[in-house]
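S.K.: sequence and computational prediction follow.
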Amino acid sequence: MLKIAHLIFESPFVLAPLAGYTNLPFRLLCRKYGAALCVSEMISCHGLVYREPNTLRMLASVEAERPVSFQLFGADPEVMADAAEIMASYGPDLIDINMGCPAKKVTKRGAGAALMTTPELAENIIKKVVQRVRIPVTVKIRSGKDLCSINAVGFARMAEDNGAAAITVHPRTWAQGFGGTIDPDVIAQVKKAVTIPVIGNGDVLSLQDGHRMMETTGCDGVMIGRGALGNPWIFRQDQRPEDSREIAATAREHLRLIEEFLSAERMLGFIKSQMCRYFRDFPGSSGERRKIFAMPTLQELRDYIDACGSRDLPIS
């Protein structure tokens with residue numbers, strides 16, 4: 001069980017924010033399959049303040065996914081506070097501040113992981129956001145800038161002192177990006193340094209990995225990102241289903257949710273990428289991926305998934 005502020009979650013496993021992936025349909029699917037909490041993809045503070053339609057659409061939610069956390073990024077304290085107020089008006093259960101994304105398009109503006117090199121600015125952002133909204137505010141961080149500048153412990157203490165309700169630690173540095181290996185000791189050190197809940201993140205590709213992270217670091221929860229793509233079952237069981245019909249049925253459900261909540265006809269390339277992940281363990285999966293990406297219409301993709309669900313196929 002995981003507890004953040006007044007919120008009590010049914011399990012310690014959380015869906016990580018993944019740009020381009022953790023939209024409403026995928027969050028709903030992961031909640032159904034056992035994620036205790038789902039975090040939206042990163043949402044720009046400037047996009048919210050300027051009321052950009054594409055940004056506002058990212059705030060779409062429904063009761064079935066509650067509780068939900070929306071993730072906010074930016075580097076201007078006043079704009080972040082204004083954006084947080086707008087975000088809170090859409091009724092999320094938490095707001096998460098991204099201070100760990102290593103993507104250049106984010107860090108070149110001083111946001112994401114770049115904020116770990118400017119702790120005074122980060123402190124001002126956390127303080128202003130917490131003061132502006134009445135829901136819990138959490139912060140997602142990395143180990144530091146590089147291996148010579150590990151500052152996660154001090155940064156986490158600062159976040160707690162300024163009102164953060166929980167800290168998520170991805171124990172890679174900004175310089176590492178998503179390469180190399182995580183350093184679980186950083187999570188353990190942060191856990192010992194603060195009294196608020198600590199959520200570990202990074203290289204969790206199974207429930208076993210998640211339980212191991214909790215045992216070795218003492219963290220209160222585990223955030224699962226890439227391991228959930230094409231595998232929403234990860235939140236409730238250690239392995240993907242062995243029945244291809246069950247896999248196809250879940251892929252079809254994901255497609256149905258995309259069609260219900262997004263402009264599916266204009267997202268065919270994105271949808272194909274999502275569907276390919278479900279069939280990656282099927283015999284000749286590389287050929288099947290090529291076949292899927294060559295499909296010219298959404299209806300042809302629907303028919304393909306339905307056909308997969310109507311017969312028992314071996315899974316490698």
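M.R.: Arrived safely. Note that the coordinates shown come from a computational prediction; the quantities given were computed from them, not determined experimentally.

S.K.: report the mean confidence score over stretch 264-281.
M.R.: The pLDDT scores in stretch 264-281 average 88.

S.K.: apologies, that question was intended for stretch 193-212.
M.R.: Mean per-residue pLDDT for stretch 193-212: 96.

S.K.: how about it: buried residues?
M.R.: Of all the residues in stretch 193-212, those buried under the rule 16 or more other CB atoms under 10 Å are 193-194, 196-204, 206-207, 209-210. Quick note: C-beta positions are derived from backbone N, CA and C, even for glycine.

S.K.: what is the lowest-mean-pLDDT helix or strand in the chain packed up against?
M.R.: Every helix and strand of the chain was ranked by mean pLDDT, DSSP states H and E. The lowest is helix 285-294, at a mean of 84. Counting contacts by 3 or more CB pairs under 8 Å, 6 or more residues apart in numbering; DSSP states H and E, helix 285-294 is packed against helix 268-278, helix 298-309.

S.K.: do that again at 7 Å, thanks
M.R.: If you count contacts as 3 or more CB pairs under 7 Å, 6 or more residues apart in numbering; DSSP states H and E, helix 285-294 packs onto helix 268-278.

S.K.: report the separation between the closest residue in space to residue 274 that isn't next to it in sequence and residue 271.
M.R.: Distance criterion CB to CB, 6 or more residues apart in numbering; nearest residue to residue 274, sequence neighbours excluded, is residue 254 at 6.5 Å. Separation of residue 254 from residue 271 (CB to CB, to the nearest Å): 9 Å.

S.K.: now residue 230
M.R.: 13 Å.

S.K.: residue 200 - nearest residue in space that isn't next to it in sequence?
M.R.: residue 219 (4.1 Å).

S.K.: next, the angle from the helix or strand harbouring the residue nearest to residue 274 to helix 298-309.
M.R.: Secondary structure assigned from DSSP states H and E places residue 254 in helix 244-261. Interaxial angle, helix 244-261 versus helix 298-309 (axes from the mean of the first three to the mean of the last three CA atoms, to 10 degrees): 150 degrees.

S.K.: touching, residue 138 and residue 94? I think so.
M.R.: Yes - shown here, residue 138 and residue 94 form a contact pair, counting by CB atoms under 7 Å, at 5.8 Å.

S.K.: identify the contacts common to the two.
M.R.: 4, 69 (CB atoms under 7 Å, 6 or more residues apart in numbering).

S.K.: so where's this protein shaky on pLDDT?
M.R.: Along the chain, segments meeting pLDDT under 70 span 284, 310-316.

S.K.: now with 90?
M.R.: 1, 10, 180, 237-245, 263-267, 279-292, 304, 306-316 (pLDDT under 90).

S.K.: what ranges do the helices span in it?
M.R.: Secondary structure of the chain (DSSP state H): helices located at 24-32, 45-49, 53-57, 77-88, 104-107, 119-132, 152-161, 184-193, 207-217, 244-261, 268-278, 285-294, 298-309.

S.K.: out of those helices, which comes closest to residue 13?
M.R.: Evaluated with CB to CB, the helices of the chain place helix 207-217 nearest to residue 13, the distance being 6.0 Å.

S.K.: dump the C-alpha coordinates for the closest one into PDB.
M.R.: What follows is helix 207-217, C-alpha atoms only, in PDB (Å, rounded to 0.1, in the frame of the first residue of the first chain):
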ATOM      1  CA  LEU A 207       6.700  -7.000 -10.900                       C
ATOM      2  CA  GLN A 208       9.700  -8.900  -9.700                       C
ATOM      3  CA  ASP A 209      12.000  -6.000 -10.600                       C
ATOM      4  CA  GLY A 210       9.600  -3.700  -8.700                       C
ATOM      5  CA  HIS A 211       9.500  -5.800  -5.500                       C
ATOM      6  CA  ARG A 212      13.300  -6.100  -5.700                       C
ATOM      7  CA  MET A 213      13.600  -2.300  -5.900                       C
ATOM      8  CA  MET A 214      11.400  -1.900  -2.800                       C
ATOM      9  CA  GLU A 215      13.300  -4.500  -0.900                       C
ATOM     10  CA  THR A 216      16.800  -3.100  -1.700                       C
ATOM     11  CA  THR A 217      16.100   0.600  -1.300                       C
END
